[in-house]
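> structure of the sequence below:
(chains A and B)
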Amino acid sequence: EDQVTQSPEALRLQEGESSSLNCSYTVSGLRGLFWYRQDPGKGPEFLFTLYSAGEEKEKERLKATLTKKESFLHITAPKPEDSATYLCAVLLGGNQFYFGTGTSLTVIP
Amino acid sequence: DTGVSQDPRHKITKRGQNVTFRCDPISEHNRLYWYRQTLGQGPEFLTYFQNEAQLEKSRLLSDRFSAERPKGSFSTLEIQRTEQGDSAMYLCASSLGSDTGELFFGEGSRLTVL
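As a prediction, this is how the structure comes out:
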């Protein structure tokens, strides 16, 4: 059965304390892996797409990487405004996106 | 604003009533998706359209739920005879329709069933 698992469920960081979020997947026929940011009460906001193992994407303090079984979202020197829930999603055949349950990140000033 | 828009943003209804949500996608996007999200969970796929054709529906979508996308533009999601378990955020997303295109989400419609 296709599965997407994110860890940890919640993460509290001091401002400037770098860390990584994990998204592991057991799916067949992965066509893409996507990272989204979601603020409370709002829809998810697209961050990155990764298509193949070894690929990396960067945007400001965020860097996403992909292996054959998992993806990491690295956050370097986070700021309070980075506080949000980070979701990963996999795109399989049939154009369905399957989302993980997310990691709730809190960055403390 | 050229993003995905959803209406209403909030809906409170009594159990047994019907509700309808509307989604206006980004104009050049031919794929439109509906998702449901409950607190602490990721978005859960409901259905998707390619232009006006509804190509896929989740097995979780009961017959009380119906979605349409007439003329391949805006879409509506109707829930008949609402139940308390239908309380959730209903998210609409659109994409360009390339094989691996990302989804662009609206702000969602929050439903509370009393």
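> how about the residues of chain B by chain A?
B:4, B:31, B:33, B:35, B:40-45, B:48, B:50, B:55-56, B:91, B:93, B:99-100, B:102-108, B:110 (CB under 8 Å from any CB of the partner chain). C-beta here means a position set from N, CA and C on the backbone, and glycine is covered the same way.
> and with 6 Å instead?
Contact residues (CB under 6 Å from any CB of the partner chain) of chain B with chain A: B:Gln41, B:Gly42, B:Pro43, B:Phe45, B:Leu91, B:Thr100, B:Glu102, B:Phe105, B:Gly106, B:Glu107, B:Gly108.
> let me have the residues you listed in CSV, extended by pLDDT.
Converted to CSV, the residues of chain B next to chain A look like this (pLDDT from 0 to 100):
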residue, pLDDT
B:Gln41, 93
B:Gly42, 94
B:Pro43, 95
B:Phe45, 92
B:Leu91, 97
B:Thr100, 66
B:Glu102, 85
B:Phe105, 96
B:Gly106, 96
B:Glu107, 95
B:Gly108, 96
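> by neighbours, which of those residues wins?
Counting neighbours by other CB atoms under 10 Å in any protein chain shown, the top entry in the residues of chain B next to chain A is B:Pro43, with 30 neighbours.
> restricted to strands, list the residues of chain B next to chain A.
Residues of these located in strands (DSSP state E): B:Phe45, B:Leu91, B:Phe105.
> show me the shaky parts of chain A.
A:1-2 (pLDDT under 70).
> give the burial count for the residue nearest to B:Asn51 when sequence neighbours are not counted, as a bare number.
When the adjacent residues along the chain are set aside, B:Asn51 lies closest to B:Gly72, with 3.8 Å between them (CB to CB, 6 or more residues apart in numbering or on different chains). A count of nearby residues for B:Gly72, using other CB under 10 Å, gives 14.
> across the sheet, point out what pairs with A:Thr106.
A:Arg12 (DSSP bridges).
> mind listing the strands for chain B?
Using DSSP E, the strands of chain B run over residues B:5-7, B:10-13, B:19-24, B:31-37, B:44-50, B:53-57, B:65-68, B:75-79, B:88-95, B:104-105, B:109-113.
> identify all contacting residues around the fifth one.
Pointing back at strand B:44-50 there. By CB atoms under 6 Å, 6 or more residues apart in numbering or on different chains, the surrounding residues in contact with strand B:44-50 are A:96, B:31-36, B:56-58, B:61, B:67, B:69.
> for that strand, which positions count as buried?
B:Glu44, B:Phe45, B:Leu46, B:Thr47, B:Tyr48, B:Phe49 (16 or more other CB atoms under 10 Å in any protein chain shown).
> and the closest residue to A:Gly54 other than its chain neighbours, how many neighbours does it have?
Among residues not flanking A:Gly54 along the chain, A:Leu66 sits closest, at 7.1 Å (CB to CB, 6+ apart). By other CB under 10 Å, the residues close to A:Leu66 number 23.
> how much space between A:Leu66 and A:Ser83?
According to CB to CB, to the nearest Å, A:Leu66 stands 24 Å off from A:Ser83.
> for chain A, which segments count as strands?
Counting by DSSP E, chain A has strands at residues A:3-7, A:10-14, A:19-26, A:32-38, A:45-50, A:56-59, A:62-66, A:70-75, A:84-91, A:97-99, A:103-108.
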